[in-house]
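Chemist: test case, fold it:
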Amino acid sequence: MKILLTNDDGYQSEGLNTLADLLVSAGHEVWICAPSVERSASSHSMTLRGDITITEYAPNRYHCSGTPADRILYASRVGLFGEQPDLVISGINHGYNISTDVLYSGTVAAAREAAINGMKAIAISASKDENGTFAFTQSAHFLLDHLPTLFELLSNTTILSINVPPQPNGKIKAANLAYLDYHDAVATKENHVTHVVDPSSIRFGTSVVLALKGGVTPTQRCSTQGSDYQAVQDGYISITALNVLPEINTTVQEQLASLGGV
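Modeler: All right, here's what the predicted structure looks like:
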């Protein structure tokens with residue numbers, strides 16, 4: 001199988017290269033087109049003005065100055081891979097992309113852009129344990145072992161998002177998306193010292209430099225049944241089928257129609 005690997009962590013990331021090495025050893029033809037620098041949380045942003053640069057750093061290996069979606073769009077349109085790959089895999093991401101994370105994730109966006117361009121695609125992410133070790137090896141082996149089955153579930157309207165906990169129990173759970181509450185603090189930077197932002201100090205015509213003070217684990221907002229968030233907490237490998245095309249809320253659509261003239 002001809003497989004294109006991409007991600008949002010950068011072409012030198014451990015997750016990407018762990019997966020590439022295993023797929024090559026299994027006899028797959030592997031191409032890489034990944035970002036020149038980390039582009040996490042870039043979602044489906046694209047470079048509409050200005051140029052991007054795609055650089056070959058090894059045979060069938062490229063890094064790109066653009067966003068995750070750019071890499072798929074530009075590379076496929078210029079025929080960089082010679083022929084369309086059988087499968088696009090985005091990852092293995094450094095950290096989960098679960099629940100509302102999929103709205104922000106460059107990893108998921110790259111898979112989504114691949115599907116929009118007629119390619120089958122999977123996004124895969126892994127978390128780390130208390131020692132800082134990511135489950136990259138387990139994730140790569142899981143994907144390789146189940147590749148034929150997962151491949152048959154894909155289409156140009158459906159991608160799969162896989163999340164692997166630090167110590168997976170070896171079982172799979174098909175999971176729903178949940179809402180997450182994020183607890184990162186917004187802080188100001190003054191003389192290289194970080195302070196919690198005080199809105200009362202900001203006045204018209206003044207500027208303030210802000211940064212997210214992260215490192216806080218999100219929490220699930222409500223008890224969504226069978227959520228991916230809960231699945232990985234319980235040690236399962238979570239798999240969620242995501243529609244590429246936005247779904248219409250038929251109930252709200254009917255209410256809008258009742259307003260008249262809509």
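
Chemist: what about the nearest residue to L103 once chain neighbours are set aside, how many residues nearby?
Modeler: Among residues not flanking L103 along the chain, S43 sits closest, at 6.7 Å (CB to CB, 6 or more residues apart in numbering). (C-beta placed from N, C-alpha, C; glycine too.) Other residues within reach of S43, judged by other CB atoms under 10 Å, total 18.

Chemist: residues contacting S43?
Modeler: Contact partners of S43, counting by CB atoms under 8 Å, 6 or more residues apart in numbering, are L103, Y104, S105, G106, A109.

Chemist: separation between it and P68?
Modeler: Note on S43: its distance to P68, by CB to CB, to the nearest Å, is 9 Å.

Chemist: what touches both of these two?
Modeler: G106, A109.

Chemist: about what we covered before: among the contacts of S43, which ones are buried?
Modeler: Y104, S105, G106, A109 (16 or more other CB atoms under 10 Å).

Chemist: looking at those, which is nearest S258?
Modeler: Closest approach between these and S258, by CB to CB: Y104, at 34.2 Å.

Chemist: quick check: that closest one vs S127, distance?
Modeler: From Y104 to S127 the distance is 16 Å (CB to CB).

Chemist: kindly report the same for S76.
Modeler: Distance from S76 to S127, by CB to CB: 30 Å.

Chemist: ditto for L259
Modeler: Counting by CB to CB, the gap from L259 to S127 is 45 Å.

Chemist: which one of these two is surrounded by more residues?
Modeler: Neighbour tally, L259 and S127, criterion other CB under 10 Å: the higher count belongs to S127, 19 against 7.

Chemist: how about the more buried one, phi and psi?
Modeler: In terms of degrees, to the nearest 10, the main-chain angles of S127 are phi -100, psi 170.

Chemist: show me the contacts for it.
Modeler: G95, Y96, F134, A135, N163, V164, P165, P166, V232.

Chemist: and for the last one, the neighbour number?
Modeler: Using other CB under 10 Å, V232 is surrounded by 23 other residues.

Chemist: with the fourth one instead?
Modeler: Taking other CB under 10 Å as the criterion, the count of residues near A135 is 23.

Chemist: can you tell me the closest non-neighbouring residue to it?
Modeler: Using CB to CB, 6+ apart, the closest residue to A135 is A126 (4.4 Å).

Chemist: repeat for the third one
Modeler: On the basis of CB to CB, 6+ apart, the spatially nearest residue to F134 that is not a chain neighbour turns out to be K128, at 4.5 Å.

Chemist: pretty sure A110 belongs to a strand, no?
Modeler: No - counting by DSSP: H, G, I helix; E, B strand; the rest coil, one finds A110 to be helix, located in no strand.

Chemist: gap between it and Y236?
Modeler: 24 Å.

Chemist: more crowded one of these two?
Modeler: A110 (34 against 21).

Chemist: surely that one meets N93?
Modeler: No - contact between A110 and N93 fails when scored by CB atoms under 8 Å: they sit 10.0 Å apart.

Chemist: return every residue with contacts to both of these two.
Modeler: N7, D8, A123.

Chemist: where do the strands sit along the stretch 1-150 of the chain?
Modeler: Per DSSP state E, counting those that start in this stretch, the stretch 1-150 of the chain carries strands over the ranges 2-6, 29-35, 54-58, 61-64, 87-94, 121-126.
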